[in-house]
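Novice: sequence unknown, structure follows:
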């Protein structure tokens, strides 16, 4: 008898004596309720994840009693939202034909750009529609325009800002939210044109600006030479921390950002735990320098920026807050400086899975320049291409949230947390197709899905179970393509570069 996958998992849970918490998926609470104090986000006995919000000044109360001090809120994603690692390791995942040719996955996550802000005018992409004009609360409306500045201001990008930007699918709240965002470290209100201080990098209206090959030629060259994804959505309609949690765990445990303090630890499965149990090599490369943003979802933020290092829990590196990484020296040793990436690429010692996280200066998160970020990413890609592992490598590039910048596509609603606003996605590989715009709907769980399929790792939540795996970007019948090295400078290489010859 064929047993559906979902029921087989539940039967397995019962057999090993794990009690699975019920999930409330009713429509009566379509928006997650923020907590009031520092939460630990946990999986209940390794099963359905529960947010435990702790208030040390009161007693313990169940969700049925809203006057509680310790409140357990059941994560409403799905009954199989978090699968214990012991069960996940024993679940068979079928590897698609040809995927075994990829032995090294490199995931480069940059910061704060919407799809339309980088590729809204790219040929063949679902770009900026004609006649768009977004209301300006100071009067009139603003049309998308070519922004030739290297440094932008952007807009606030927390949960509440995403809801207002999307505005029920109208996608017209960007300017109003931009005016409301903080930009100065001293907390001063943003300028309002035509104030003279509204110079490049300070103008709230630049959320309507778009860049093209003139500012970011290498990104456009990668799109032309390889695969551009124009339906890549942030996993959650919020800022960097929950986005990076979805990148690693296909969930955030219900953490959304707005109104909630930053969690101190997490106790639900994430992908490195499952990779390690299957003896699959991985590293999380963190670029030295200041963090890409302050510890909030404002424009630049009112909190001081801090130095980041690989062993430190930040919005962009949540792994140290997972006990199975934090408490295991062998696992913590896999959190390394990005300088090691260049060495590993050169020596042919890239791990099977790599994540690469930027510093503030090269993150493209305002006030970082877009061209500095492009040069940094190009250097990473070049390093992989020029190393001995290139013929079996796939590189995936995306941006963790929209950064307050305009995008015209109403995100699909897959559950009450997302998707968030559309971001660019690029796939670069010797086996990647050429000059293709992939219109398949993806999210950061798609990165997880292709790794799970390649290495037989079971999915962790309903999100990565149902995610598209990005296979449409590849043609495994073609001969591996040679490297495509571009100038790793702020000027980049002229667009368009000649296309390579593809052989089968």
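Specialist: Structure received. Not measured: the values here are computed from a predicted model.
Novice: Return the list of helices and strands in contact with the longest helix along the chain.
Specialist: Secondary structure of the chain per DSSP state H: the longest helix is helix 370-385. Secondary-structure packing of helix 370-385 (3 or more Cβ pairs under 8 Å, 6 or more residues apart in numbering; DSSP states H and E): strand 104-110, helix 217-225, helix 339-347, strand 393-399. C-beta coordinates here come from the backbone N, C-alpha and C atoms, glycine included.
Novice: Could I get those in JSON lines, plus columns for mean neighbour count?
Specialist: JSON lines is the format used below for the helices and strands packed on helix 370-385 (neighbours: other Cβ atoms under 10 Å):
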{"stretch": "strand 104-110", "mean neighbour count": "23"}
{"stretch": "helix 217-225", "mean neighbour count": "24"}
{"stretch": "helix 339-347", "mean neighbour count": "17"}
{"stretch": "strand 393-399", "mean neighbour count": "24"}
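Novice: before we move on, back to that, the longest helix of the chain vs strand 104-110, what angle?
Specialist: Angle, helix 370-385 to strand 104-110, by axes from the mean of the first three to the mean of the last three Cα atoms, to 10 degrees: 170 degrees.
Novice: Give me the buried positions along helix 370-385.
Specialist: Buried residues in helix 370-385, counting neighbours by 16 or more other Cβ atoms under 10 Å, are found at 370-385.
Novice: again, but for stretch 273-291
Specialist: Using 16+ other Cβ under 10 Å as the test for burial, stretch 273-291 gives 273-276, 280, 282-287, 289-291.
Novice: need the contact list for residue 384.
Specialist: If you count contacts by Cβ atoms under 8 Å, 6 or more residues apart in numbering, residue 384 has them with 104, 106, 345, 350, 390, 393, 395.
Novice: scratch that, residue 242
Specialist: Here residue 242 is in contact with 235, 236, 252, 255, 256, 257, 417 (Cβ under 8 Å, 6+ apart).
Novice: what about it, which helix or strand?
Specialist: helix 240-249 (DSSP states H and E).
Novice: Pull the distance from that helix to the chain's centre.
Specialist: 6 Å (Cα atoms, centre = their mean, to the nearest Å).
Novice: now for the helix or strand just after that helix, which elements pack on it?
Specialist: The element immediately downstream of helix 240-249 (helix or strand, assigned by DSSP H and E) is strand 265-267. In terms of contacts (3+ Cβ pairs under 8 Å, 6+ apart), strand 265-267 is packed against strand 39-43, helix 323-326.
Novice: Surely residue 357 touches residue 283?
Specialist: No: applying Cβ atoms under 8 Å as the test, residue 357 and residue 283 come out as separate, 11.2 Å apart.
Novice: of the contacts of residue 242, the lowest pLDDT goes to which?
Specialist: Of all the contacts of residue 242, residue 257 has the smallest pLDDT value, namely 93.
Novice: what about that residue, how many neighbours?
Specialist: For residue 257, the count of nearby residues is 27 (other Cβ atoms under 10 Å).
Novice: follow-up on the earlier one: which of the helices and strands packed on strand 265-267 has the lowest average pLDDT?
Specialist: Lowest mean pLDDT within the helices and strands packed on strand 265-267: strand 39-43, at a mean of 53.
Novice: could the contacts of residue 242 be laid out in TSV, adding distance to residue 410?
Specialist: Below are the contacts of residue 242 laid out as TSV (distance: Cβ to Cβ, whole Å):
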residue	distance to residue 410
235	16
236	16
252	22
255	24
256	19
257	21
417	16
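Novice: what about stretch 251-266, how long is it end to end?
Specialist: 11 Å (Cα to Cα, to the nearest Å).
Novice: In that stretch, which of the residues would be classed as buried?
Specialist: 251-258, 260, 262-263, 265-266.
Novice: So what sits opposite residue 209 in the bridge?
Specialist: Counting by DSSP bridges, residue 209 forms beta bridges with residue 145.
Novice: I figured residue 381 hits residue 395, correct?
Specialist: Yes: counting by Cβ under 8 Å, residue 395 is a contact partner of residue 381 at 5.9 Å.
Novice: Identify the contacts common to those two.
Specialist: What both residue 381 and residue 395 touch, as defined by Cβ under 8 Å, 6+ apart, is the set 108, 428.
Novice: how about the nearest residue to residue 288, chain neighbours excluded?
Specialist: Spatial nearest neighbour of residue 288, chain neighbours left out: residue 337 (5.6 Å); criterion: Cβ to Cβ, 6 or more residues apart in numbering.
Novice: Contacts for stretch 386-394 next, please.
Specialist: 101-106, 345-348, 350, 384, 427-432, 474, 480, 483, 485.
Novice: redo that, cut-off 6 Å
Specialist: Stretch 386-394 is contacted from outside by 102-105, 345-346, 348, 350, 384, 429-430, 480, 483, using Cβ atoms under 6 Å, 6 or more residues apart in numbering.
Novice: Format the residues you listed as a markdown table; extra columns: pLDDT.
Specialist: Shown next, in a markdown table, are the contacts of stretch 386-394 (pLDDT from 0 to 100):
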| residue | pLDDT |
| --- | --- |
| 102 | 98 |
| 103 | 98 |
| 104 | 98 |
| 105 | 98 |
| 345 | 98 |
| 346 | 97 |
| 348 | 98 |
| 350 | 98 |
| 384 | 98 |
| 429 | 98 |
| 430 | 98 |
| 480 | 97 |
| 483 | 98 |
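Novice: Save the residues you listed as TSV, and put in distance to residue 465 too.
Specialist: Below are the contacts of stretch 386-394 laid out as TSV (distance: Cβ to Cβ, whole Å):
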residue	distance to residue 465
102	21
103	24
104	24
105	19
345	32
346	37
348	34
350	28
384	29
429	24
430	29
480	31
483	35
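Novice: quick check, nearest of those to residue 128?
Specialist: Of all those, residue 429 has the smallest distance to residue 128: 28.5 Å, by Cβ to Cβ.
Novice: Need phi/psi at the closest one.
Specialist: Main-chain torsions, residue 429, degrees, to the nearest 10: phi -170, psi 160.
Novice: what sits against it?
Specialist: residue 394.
Novice: hmm, back to that, ok, so of the contacts of residue 384, who is nearest residue 500?
Specialist: Among those, and counting by Cβ to Cβ, the member closest to residue 500 is residue 390, at 13.5 Å.
Novice: quick one: that closest one from residue 356, how far?
Specialist: Remark: distance between residue 390 and residue 356 (Cβ to Cβ, to the nearest Å) = 16 Å.
Novice: Equivalent analysis for residue 319, please.
Specialist: Residue 319 is 14 Å from residue 356, by Cβ to Cβ.
Novice: So the two - more neighbours on which side?
Specialist: Set residue 319 next to residue 356 and count neighbours by other Cβ under 10 Å: residue 319 wins out with 25 against 22.
Novice: Now that one, what are its backbone angles?
Specialist: phi -60, psi -40.
Novice: how many neighbours does the residue nearest to it when sequence neighbours are not counted have?
Specialist: Leaving aside its sequence neighbours, residue 319 sits nearest to residue 325 (Cβ to Cβ, 6+ apart; 4.8 Å). Per other Cβ under 10 Å, the neighbour tally for residue 325 reads 22.
Novice: Residue 325 and residue 331 touch, don't they?
Specialist: Yes: between residue 325 and residue 331 a contact is recorded at 4.6 Å, counting by Cβ atoms under 6 Å.
Novice: Report the helix or strand with the lowest average pLDDT across this protein.
Specialist: Every helix and strand of the chain was ranked by mean pLDDT, DSSP states H and E. The lowest is strand 71-74, at a mean of 25.
Novice: Walk me through the regions of this structure where pLDDT falls short of the threshold, as ranges.
Specialist: Where the chain drops to pLDDT under 70, the residues are 1-92, 182-197, 291-306.
Novice: Next up, the contacts around the residue nearest the centre of it.
Specialist: Central residue of the chain (Cα atoms, centre = their mean): residue 400, 3.6 Å from the mean position. Listed by Cβ under 6 Å, 6+ apart, the contact set of residue 400 reads 109, 111, 240, 243.
Novice: one more time with 7 Å
Specialist: When contacts are counted by Cβ atoms under 7 Å, 6 or more residues apart in numbering, residue 400 touches 109, 111, 234, 240, 243, 244.
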